[in-house]
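K.L.:
structure here, sequence nowhere to be found:
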């Protein structure tokens, strides 16, 4: 018989909430501690992205927990990218040549609330809000929190799971033990940041621009994107450098902001009723990648999700990778018959190469999205990729391997995807690219040694 | 006229001492604060490597300061590697095919003392020992120290230079300002550590093994090396994994240690009078790489040496890279007419790719030294490299580019060296490798596009 463990989860964000549900479903006693107040009672302050793209990897993890259909009802499907050129033209580029392969815009808060409600349905889950983690005693699996009133809380656990995000205190407790753990760590920031704006719904509650698309205004050194919300609005994100042309530090007056939009994002201007006010009210966020290893300490504590691998948002995979962590960890516990120490070791070993891969792919996509999507060679490549996907059921582009092949580990998707890209870009750079029969290209793809 | 600046240097190790001398020679007022007691009065506790390889990059920096010949008198030249096979055979492999290209074994403490003495000769240098850095106020260039008695010391400077080593407090003060500085940072540890031993001099004060060589006992997953000291002794370093065969945690009884040496390092055994005692008295050190960027903050503080780029010791370039930092920084100040803010920016931009390169090369050499030096293909490659260096004055192997081409930036040495290695390894893998005329190989090397 499996032993029931007392599991402390640090952080009740997206990853922690889903993890709590799965650990409860396994029959363990789960205590979740969250720094912030209960978002179902207190509206959150800004600073986090408001909507996210949920795709097949995330959905597969949610399906294991048993409520995929319910979650899909909260989503708006996006079938491709709507690319807005500087002269106001729109060009739609499908995510896949196959029907039904789409990504889903979902509210971060809405999804988190659903997960918290689901977790609350379990008698063996308790969620403690307003409890900020101060330190983890890794030798003894004791977690130390401070409640918002100032009261110290000390909890002894059998197992501590840290899902406390990119600024993870659990990870910092591990880093403080660098010599014993030989703790590898890196943080790398892009020289661009992000700022969110809103395109409101029409007065009738409709969508001002195409609903079922992820909108991009790619401009080389900077870009703007927009994802739809259920209420008819869009959450818009500017990805701009800090300095130079379009830099957040350069656009420092209302006039400069409006002039900049007139010049670079002219077709969007009519959709922003309060552009300049909003621009100066909203903060600039950082875009960084965090990698580390090991993820477990002394067989008692494990970090997962952004705490273990924070990535930039340009592949729409941050949340999906975190949810996939939960699924893979769950399956690893199956294989290890709930021997957590054994599962920790196995999980980190099989998982780290995959999260490192999606981290690198996401940085690559930063350059692709803001620059290459309007490049002629890149457009040719998308044309061929669409044709291949429409013709051959077993062909998946790099994007599709990552996004729609939820059983393929990220690392394999990266290796195969990059080789395919290299081949297709070579083909698309030739003068006679559009005279090569699609079956010839398919044969060449099939012959790639991965 | 150049303005005289008050410069605070944090750390009076090898890099900090040489830097103090150069800044004093430029006419600035230099205050150096060192955590440890004055090593000229108090013998240091162990934990640092006892001797080091000083080569042309380091010597060039010392030459700028004006006392290269004096330092060379403290050195023992090493003309190549003496490779000890498991059956007791010795094979000498020269570092260069050219005469006079050698590296120099020098005592870390001896060299540091010489540099401190030289620094003390300047009226405009003050060195404060027993003063541990606690924090740097980066906005105001204020450095905070605690003297060993407990007294707090606060020093306002025009410029702060952090040369406080791999565990740098100055760097930590910068990392604490991650959002403003977009501070990139990585620490990566090898799954091997090191432990030092000593081969004493003979009773007559002579050398028990060849004096003018760096000795290596390469054994695949672990190795031992030895460098000569002036007193006839050798400082020996074991580089072993923590776990598994030969692991520091596996060799946990005196019997196991002696048995291990009998099996793997049999020819060395007679030279260790107190092997087992020494083995258990001496600590195991970590082997890690630290990279970060930026190196400067707000135009007032700059880190250099191990504080900015700690590397593993397998290219013998750690100290040399730090000394080269001092030379390049000095030259950058010349170009910027002692505008420190401008020089900080320029220095970090030109230097970081080079120190990243030597960091990566040093990790590569870890695998080369412990494993490949006894590999047949590798030995063939060294044979060809020697012949090329003996025949063509403008040919330098990768090792020679890094070690003996002190004017070539590390990054260029890496790019060229790796391309050459790739070509030569391909040639050496062919059956008829030894029938190819040397001029043919030289022509192929010349045609490499770098």
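P.N.:
Ah, there it is. Small disclaimer: the values here were computed from a predicted structure and weren't measured.
K.L.:
buried set for stretch A:69-87?
P.N.:
Residues of stretch A:69-87 classed as buried: A:71, A:74-76, A:78-84 (neighbour count, 16 or more other Cβ atoms under 10 Å in any protein chain shown). For the C-beta atoms, the positions are set from N, CA and C on the backbone; glycine is no exception.
K.L.:
which single one of the residues you listed is nearest to residue B:95?
P.N.:
residue A:81 (56.2 Å; Cβ to Cβ).
K.L.:
ok so, going back, could the buried residues of stretch A:69-87 go into JSON lines alongside secondary structure, pLDDT and distance to residue A:51?
P.N.:
Formatted as JSON lines, these follow (DSSP: H, G, I helix; E, B strand; the rest coil; pLDDT from 0 to 100; distance: Cβ to Cβ, whole Å):
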{"residue": "A:71", "secondary structure": "helix", "pLDDT": "97", "distance to residue A:51": "14"}
{"residue": "A:74", "secondary structure": "coil", "pLDDT": "95", "distance to residue A:51": "10"}
{"residue": "A:75", "secondary structure": "coil", "pLDDT": "97", "distance to residue A:51": "10"}
{"residue": "A:76", "secondary structure": "strand", "pLDDT": "97", "distance to residue A:51": "9"}
{"residue": "A:78", "secondary structure": "strand", "pLDDT": "98", "distance to residue A:51": "11"}
{"residue": "A:79", "secondary structure": "coil", "pLDDT": "96", "distance to residue A:51": "16"}
{"residue": "A:80", "secondary structure": "strand", "pLDDT": "95", "distance to residue A:51": "17"}
{"residue": "A:81", "secondary structure": "strand", "pLDDT": "94", "distance to residue A:51": "16"}
{"residue": "A:82", "secondary structure": "strand", "pLDDT": "96", "distance to residue A:51": "16"}
{"residue": "A:83", "secondary structure": "strand", "pLDDT": "94", "distance to residue A:51": "19"}
{"residue": "A:84", "secondary structure": "strand", "pLDDT": "96", "distance to residue A:51": "19"}
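K.L.:
just those residues now: which is nearest residue A:254?
P.N.:
residue A:84 (22.9 Å).
K.L.:
for that closest one, give me its contacts.
P.N.:
A:90, A:215-217, A:265, A:267-268 (Cβ atoms under 8 Å, 6 or more residues apart in numbering or on different chains).
K.L.:
what about 6 Å?
P.N.:
By Cβ atoms under 6 Å, 6 or more residues apart in numbering or on different chains, the residues touching residue A:84 are A:90, A:217, A:267.
K.L.:
which of the three states applies to the residue nearest to it when sequence neighbours are not counted?
P.N.:
Among residues not flanking residue A:84 along the chain, residue A:217 sits closest, at 4.6 Å (Cβ to Cβ, 6 or more residues apart in numbering or on different chains). What DSSP: H, G, I helix; E, B strand; the rest coil gives for residue A:217 is strand.
K.L.:
roughly how far does residue A:217 sit from residue A:399?
P.N.:
Distance of residue A:217 to residue A:399, given as Cβ to Cβ, to the nearest Å: 19 Å.
K.L.:
also residue A:180?
P.N.:
41 Å.
K.L.:
of these two, who's got more company?
P.N.:
A side-by-side neighbour count of residue A:180 and residue A:399, using other Cβ atoms under 10 Å in any protein chain shown, places residue A:399 first with 22 against 11.
K.L.:
that one belongs to a helix?
P.N.:
Yes - Residue A:399 sits within a helix when classified using three-state DSSP.
K.L.:
before we move on, which element is the residue of chain A found nearest chain B in?
P.N.:
Chain B sits closest to residue A:186 of chain A, with a gap of 3.5 Å, by Cβ to the nearest Cβ. Using DSSP states H and E, residue A:186 falls within strand A:184-199.
K.L.:
elements contacting that strand?
P.N.:
If you count contacts as 3 or more Cβ pairs under 6 Å, 6 or more residues apart in numbering or on different chains; DSSP states H and E, strand A:184-199 packs onto strand A:234-241, strand A:285-293, strand B:184-199.
K.L.:
surely the residue nearest to residue A:84 meets residue A:224?
P.N.:
Yes - counting by Cβ atoms under 6 Å, residue A:217 sits close enough to residue A:224 to count as a contact (4.2 Å).
K.L.:
spit out the residues that contact these two alike.
P.N.:
residue A:265.
K.L.:
about what we covered before: which one of the helices and strands packed on strand A:184-199 lies nearest to residue B:430?
P.N.:
Nearest of the helices and strands packed on strand A:184-199 (Cβ to Cβ): strand B:184-199, 33.0 Å.
K.L.:
could you give the angle of that closest one to strand A:285-293?
P.N.:
Interaxial angle of strand B:184-199 relative to strand A:285-293 (axes from the mean of the first three to the mean of the last three Cα atoms, to 10 degrees): 30 degrees.
K.L.:
tell me how far strand B:184-199 lies from the chain's centre.
P.N.:
From the chain centre to the centre of strand B:184-199 is a distance of 13 Å (Cα atoms, centre = their mean, to the nearest Å).
K.L.:
who's in contact with that strand?
P.N.:
Strand B:184-199 is contacted by residues A:182, A:184-188, B:175, B:208, B:233-234, B:236-242, B:248, B:271, B:278, B:282, B:284-293 when judged by Cβ under 6 Å, 6+ apart.
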